[in-house]
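> Provided below are the primary sequence and the corresponding predicted coordinates.
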Amino acid sequence: MNELYYSRFRGNKEGQAGIAEFMRDKGVQKQYAPNSICFGCGPANTKGLRIESHRIENGLSLEFEPDVHHQAFPGMINGGIIGTLLDCHGNWTAAIALMDSNEYTEPPCTVTASYSVKLRRPTPLGSKLIITSQVVEIGDDRVSVDLLLEANGKICATGKGLFVSVKEGHPAYHRWN
């Protein structure tokens, strides 16, 4: 991850305005997979995180407000919750990127091939988390994504992921229907 990536959103009035505009729209999860039960991104999972990712230039953005049961220790968010937020958000970034690049009407079902998370500082409870993603590289059936999690204007975590579309016969193929 480099400063060019960070500067796309931090201190960039145009980028901030774009994020605010897309936050008012329905998230891609509700739009394309309203019956999904995924713990991180499934709108139908009442006990899940139920993230709502919104389109921005070359990626997605989301706002998330953690609950007290997301803590690792008093006042700080659990690293597994952070990993789930980044994983699901990155997966949806890939699905939307593949949909757009192939001019599909719906995103293909994608799964995580690999992802890594770097926890840069404790992520505080009581703060709105802003998570942004950027497509780094897109192939026929796979997308590399960079991820950034901020709280109170400070970078708390970064990540990278490789997400691939699956074909008929894969257990996750119909998971968004």
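It's in.
> Return the residues in contact with the residue nearest to the spatial centre of the chain.
In the chain, the centroid-proximal residue (C-alpha atoms, centre = their mean) is H89; its distance is 1.5 Å. If a contact means C-beta atoms under 8 Å, 6 or more residues apart in numbering, then H89 has 41, 51, 53, 60, 62, 131, 133, 147 as its contacts. The way it works is simple: take the backbone N, C-alpha and C, and place the C-beta from them, glycine included.
> could I get those as CSV with secondary structure?
Output for these, formatted as CSV (DSSP: H, G, I helix; E, B strand; the rest coil):
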residue, secondary structure
C41, coil
I51, coil
S53, coil
L60, strand
L62, strand
I131, strand
S133, strand
L147, strand
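> how far away is the residue nearest to the centre of the chain from E168?
Going from H89 to E168 by C-beta to C-beta, to the nearest Å gives 26 Å.
> neighbouring strands for the longest strand seen in the chain, and are they parallel or not?
Determined from DSSP state E, the single longest strand within the chain is strand 154-165. With DSSP bridges as the test, strand 154-165 is paired with strand 110-119 (antiparallel), strand 142-151 (antiparallel).
> give me every residue that touches the residue nearest to L98 when sequence neighbours are not counted.
Leaving aside its sequence neighbours, L98 sits nearest to P108 (C-beta to C-beta, 6 or more residues apart in numbering; 5.3 Å). Neighbouring residues of P108 by C-beta under 8 Å, 6+ apart: 95, 98-99, 102, 141, 165-166.
> likewise K47?
Contact analysis of K47 by C-beta under 8 Å, 6+ apart lists F39.
> Okay, it and I138: tell me how far apart.
For K47 relative to I138 (C-beta to C-beta), the value is 33 Å.
> How about Y173?
To I138, Y173 is 20 Å away according to C-beta to C-beta.
> the helices in this structure, which residues?
3-7, 13-23, 28-32, 79-102 (DSSP state H).
> Least confident of those, on average?
By mean pLDDT, the lowest-scoring of the helices of the chain turns out to be helix 3-7, with a mean of 43.
> what about the nearest residue to V111 once chain neighbours are set aside, how many residues close to it?
Spatial nearest neighbour of V111, chain neighbours left out: A172 (5.2 Å); criterion: C-beta to C-beta, 6+ apart. A172 has 12 neighbours, counted by other C-beta atoms under 10 Å.
> Confirm for me that W92 is in contact with K30.
No - W92 is beyond contact range of K30, at 11.3 Å (criterion: C-beta atoms under 8 Å).
> Fine by me, thanks again.
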